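1. Structure for this input, please:
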Amino acid sequence: MGKTYAIVASRAPRGANNIDEEYYMSVYAGSSIFEQNSSGKFKREKMPKSHGDGQGHSTNAPSILEDNSAEEQMTNLVAEK
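-> Prediction:
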């Protein structure tokens with residue numbers, strides 16, 4: 001693929017989801033997948049806009065501030081390793 005990703009993952013125990021061995025899976029669906037861009041920063045995969053709650057609020061899409069914070073923290077975390 002030629003791309004670099006950072007993923008927030010959790011360990012699932014043996015037997016979870018009827019899988020006979022321990023494995024890792026991403027958490028928070030697409031919100032936990034970050035792709036490294038050409039400037040070396042990790043950017044969260046953009047979530048499609050969800051339906052609102054009837055009062056003008058999105059019910060499940062992360063906010064721009066949350067995206068920016070998560071992206072900065074992931075970039076810093078990877079840089080420390």
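
2. so what's Ala16 up against?
-> Under the criterion of C-beta atoms under 8 Å, 6 or more residues apart in numbering, the neighbours of Ala16 are Tyr23. Where C-beta positions appear, they are placed from N, C-alpha and C, glycine not excepted.

3. roughly how far apart are Arg14 and Val27?
-> Note on Arg14: its distance to Val27, by C-beta to C-beta, to the nearest Å, is 18 Å.

4. most centrally placed residue in the protein?
-> Taking C-alpha atoms, centre = their mean as the criterion, Ser32 is the residue nearest the geometric centre of the chain, at 1.3 Å.

5. Could you check the pLDDT of it?
-> The pLDDT attached to Ser32 in the predicted structure is 86.

6. so what's the backbone phi/psi at it?
-> phi -100, psi 10 (degrees, to the nearest 10).

7. how about low-confidence regions in this structure?
-> Within the chain, the ranges that satisfy pLDDT under 70 run 1, 29-30, 47-54, 56-62.

8. ranges for the strands of this protein?
-> Assigned strands in the chain, in chain order: 5-7, 9-12, 23-26, 33-36, 42-44 (criterion: DSSP state E).

9. winner for burial among these?
-> Burial among these, expressed as mean neighbours by mean count of other C-beta atoms under 10 Å, is greatest for strand 42-44, which shows a mean of 20.

10. Could you spell out the sheet neighbours of that one, each with its direction?
-> Neighbouring strands of strand 42-44 in its sheet, by DSSP bridges, are strand 33-36 (antiparallel).

11. Contacts for the partner strand, please.
-> 3-7, 26, 42-45, 70-71, 74.

12. from those residues, which two are the most distant?
-> Distances among the contacts of strand 33-36 were taken as C-beta to C-beta; the most separated pair is Lys3 and Ala70, at 18.4 Å.
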